[in-house]
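Visitor: how would this look folded up:
(one chain, ligands or ions: 1)
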Amino acid sequence: MKIEILTLFPEMFEGVLSASILGRAQAGGLLSIETHDIRAYTDNKHRKTDDYPFGGGAGLVMMAQPIFDCMAAVQGNEPAHRILLTPRGRLLTSERAKELSAYDRLILLCGHYEGVDERVNAIIDEEISIGDYVLTGGELPAMVLIDCVSRFIPGVLGSEESAQDESHAAGLLEYPQYTRPASFRGMDVPEILLNGHHANIQKWRHEQAMEKTRAVRPCLLGTFGKNKEK
Ligand code: ADE
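Guide: Coordinates of the predicted model:
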């Protein structure tokens, strides 16, 4: 998959995308990520990318022109699914991330300041939010989306890093995990994991996942029922 990022702050992406699993995926040719500086596409002499909102109000709005020109230069004539990261978008879920992983090419536009000129929606296919809170810009959300989507690209996770069993895969939060030693500072690993047989371990894990979900995110239990019916 090829991912291109349109941003005013390309330097924010460097360390995050080159480390760990995403770094390995790029080195292995499964993923290619490029950043493009929107400011390079301004057509005014002060290289301004934002201006005051019509109608008044606090903060600045990102101007349409640099974004339109940056998008046109980056996209060229090849198709791409174009996403604007904004708190006004649809919430990112595991399910949506999996669907997005099927695209060959994503272009991510990172909003900043108070927002983006609404006319930019003419060159955007989808608006995505990573949660019901407001960040200073779309850069961290873009990194979250890339990380989340990449895990569903075949080969990105090693066999020991499964995307199947984890929290949200089945609409439940994940069961507790332990590794060696079996006893640590007086805290013991549940007996069933040490000598239980497979079916008992599965049953225990499911009960634990239900219990955790009920305690922390009870609303997900409705989703779990629906997923099972599918
Ligand atoms: N930009 C600012 N806050 C955001 C959020 N929660 N999701 C996506 N983009 C954002």
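Visitor: can you tell me which helix in the protein is longest?
Guide: Counting residues, the longest helix in the chain under DSSP state H turns out to be helix 198-216.
Visitor: Restrict it to CA atoms and write it as CSV.
Guide: In CSV, the C-alpha atoms belonging to helix 198-216 read as follows (Å, rounded to 0.1, in the frame of the first residue of the first chain):
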residue,chain,number,x,y,z
HIS,A,198,-7.0,-25.6,25.3
ALA,A,199,-10.9,-25.5,25.6
ASN,A,200,-10.8,-24.5,29.2
ILE,A,201,-8.3,-21.7,28.4
GLN,A,202,-10.5,-20.4,25.6
LYS,A,203,-13.5,-20.5,27.9
TRP,A,204,-11.6,-18.6,30.6
ARG,A,205,-10.4,-16.0,28.2
HIS,A,206,-13.8,-15.4,26.8
GLU,A,207,-15.2,-14.9,30.3
GLN,A,208,-12.4,-12.6,31.2
ALA,A,209,-13.0,-10.5,28.0
MET,A,210,-16.7,-10.3,28.8
GLU,A,211,-16.0,-9.2,32.4
LYS,A,212,-13.5,-6.6,31.4
THR,A,213,-15.8,-5.2,28.7
ARG,A,214,-18.8,-5.1,31.0
ALA,A,215,-16.7,-3.2,33.6
VAL,A,216,-14.9,-0.7,31.3
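Visitor: what comes up buried for it?
Guide: 201, 204, 205, 208, 209, 212, 213 (16 or more other Cβ atoms under 10 Å). (Each C-beta comes from the backbone N, C-alpha and C, glycine too.)
Visitor: Which single one of the residues you listed is nearest to residue 171?
Guide: Residue 171 has its nearest neighbour among those in residue 213, at 8.3 Å by Cβ to Cβ.
Visitor: ok now do that closest one, which residues does it touch?
Guide: 172, 173, 220, 221, 224 (Cβ atoms under 8 Å, 6 or more residues apart in numbering).
Visitor: The same query, at a cut-off of 7 Å, please.
Guide: 172, 173, 220, 221 (Cβ atoms under 7 Å, 6 or more residues apart in numbering).
Visitor: Then residue 128?
Guide: 83, 85, 89, 90, 92, 145.
Visitor: Narrow these to those in strands?
Guide: 83, 85, 89, 90 (DSSP state E).
Visitor: what's across from the first one in the sheet?
Guide: With DSSP bridges applied, residue 83 shows beta-bridge pairing to residue 108, residue 126.
Visitor: need the contacts of residue 213 in JSON lines with pLDDT and neighbour count, can you?
Guide: Output for the contacts of residue 213, formatted as JSON lines (pLDDT from 0 to 100; neighbours: other Cβ atoms under 10 Å):
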{"residue": "172", "pLDDT": "93", "neighbour count": "24"}
{"residue": "173", "pLDDT": "94", "neighbour count": "20"}
{"residue": "220", "pLDDT": "91", "neighbour count": "18"}
{"residue": "221", "pLDDT": "92", "neighbour count": "13"}
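Visitor: Serialize the residues you listed to TSV and add fields for secondary structure and distance to residue 60.
Guide: Putting the contacts of residue 213 into TSV (DSSP: H, G, I helix; E, B strand; the rest coil; distance: Cβ to Cβ, whole Å) gives the following:
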residue	secondary structure	distance to residue 60
172	coil	42
173	coil	39
220	helix	38
221	helix	42
